[in-house]
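Peer 1: dropping the sequence and predicted coords here.
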Amino acid sequence: MDVHPTAVISPGASCAADARVGPYAVIENDVAIGLGCEIGAHAVIKRFTTLGRRNRVHEHVVLGGEPQDLKFKGEASRLVIGDDNTIREHVTIHRASGEGETTRVGDRNFIMIGTHIAHNCEVGDDNIFANGAALAGHITVEDHVFLSSNVGCHQFVRIGRFAMVGGKSKIVQDVLPFFTTDGNPPSVRGLNSVGLRRAGFSSEQRRLLRAAYQTLFFAGLPFEDALREVEQIKDEHVQHLVSFIRASHRGVTRTRSGRNDELAEESVVL
């Protein structure tokens, strides 16, 4: 293990033999760091944190800090991070609130400077969070999501796969998969065409998702009727869109154009 002499590693931590730990980094008890990880200068990995393989943790990152939750009473909970993540400077990711609960971050995520991921979040794979993005507690982010700079997300919202959210948007309701959402109040602006093309979606798959978008927001139907129309489209991605909407508890962000439009409720981002 390549450890700078000024780093502090607790004897109760488990670090892979090839891990690299930079100057003044601190690794507490009950931490597990996997093969190929690199921990930058002044980073702090706090207790009850697990890192998988080949994660690169940059300078001044804090992983596994106690949740900012008034209900938290010091109970044992965890932060579990998967493989091949890049976590840039000054990122904070908190462990969960609640005995035995876990905050999870998946694989191959690119988490840029100053991002905050709060307690009990569930973050999937291959997501990009730009500088200053902030996720409050209990948020679910699916896969291949792009959050632009300084997006603020209210607790308990869900962000669907292949969604793109514009900079400084205030997200208080669920963000639909496959679409671009932007503004304050936020609004669905159309298909995330560039992201879907880059991900290898065929022209037919994109056409069907665009048809679903048109039906949901511009067919002049009540939203439930429009959703039933969309449900008839035989495509796995459209079906995921329908399932995502039907599973929503907070409601979904919609377009501000068309008869079935509803503005997102006002709420404080924590």
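Peer 2: Received the coordinates, thanks.
Peer 1: can you spell out which helices and strands pack onto the single longest helix found in the chain?
Peer 2: Assignment by DSSP state H gives helix 203-218 as the longest helix of the chain. Using 3 or more CB pairs under 8 Å, 6 or more residues apart in numbering; DSSP states H and E, the elements in contact with helix 203-218 are strand 187-191, helix 193-198, helix 223-231, helix 236-246. From N, CA and C alone the C-beta is placed, and that goes for glycine too.
Peer 1: which parts of the first one are buried?
Peer 2: Within strand 187-191, the residues scored as buried using 16 or more other CB atoms under 10 Å are S187, V188, R189, L191.
Peer 1: in JSON lines, list those along with pLDDT.
Peer 2: Listed next are the buried residues of strand 187-191 as JSON lines, based on pLDDT from 0 to 100:
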{"residue": "S187", "pLDDT": "96"}
{"residue": "V188", "pLDDT": "97"}
{"residue": "R189", "pLDDT": "96"}
{"residue": "L191", "pLDDT": "97"}
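Peer 1: of all these, which comes closest to V238?
Peer 2: L191 (11.7 Å; CB to CB).
Peer 1: just checking, the closest one touches P177?
Peer 2: No - here L191 lies out of contact with P177, judged by CB atoms under 8 Å, at a distance of 10.8 Å.
Peer 1: so what's G152 bridging to?
Peer 2: Taking DSSP bridges, one obtains A134, K170 as the residues bridged to G152.
Peer 1: what do you get for A32?
Peer 2: S14, T50.
Peer 1: wouldn't it be in contact with T50 here?
Peer 2: Yes - assessed by CB under 8 Å, A32 is found in contact with T50 at 4.6 Å.
Peer 1: tell me who's in contact with the closest residue to C15 other than its chain neighbours.
Peer 2: Spatial nearest neighbour of C15, excluding adjacent residues (CB to CB, 6 or more residues apart in numbering): I33 at 4.5 Å. Counting by CB atoms under 8 Å, 6 or more residues apart in numbering, I33 touches A13, S14, C15, A16, A19, I27, I39, I45, L51.
Peer 1: look at the third one and report its pLDDT.
Peer 2: Pointing back at C15 there. For C15, the model assigns a pLDDT of 97.
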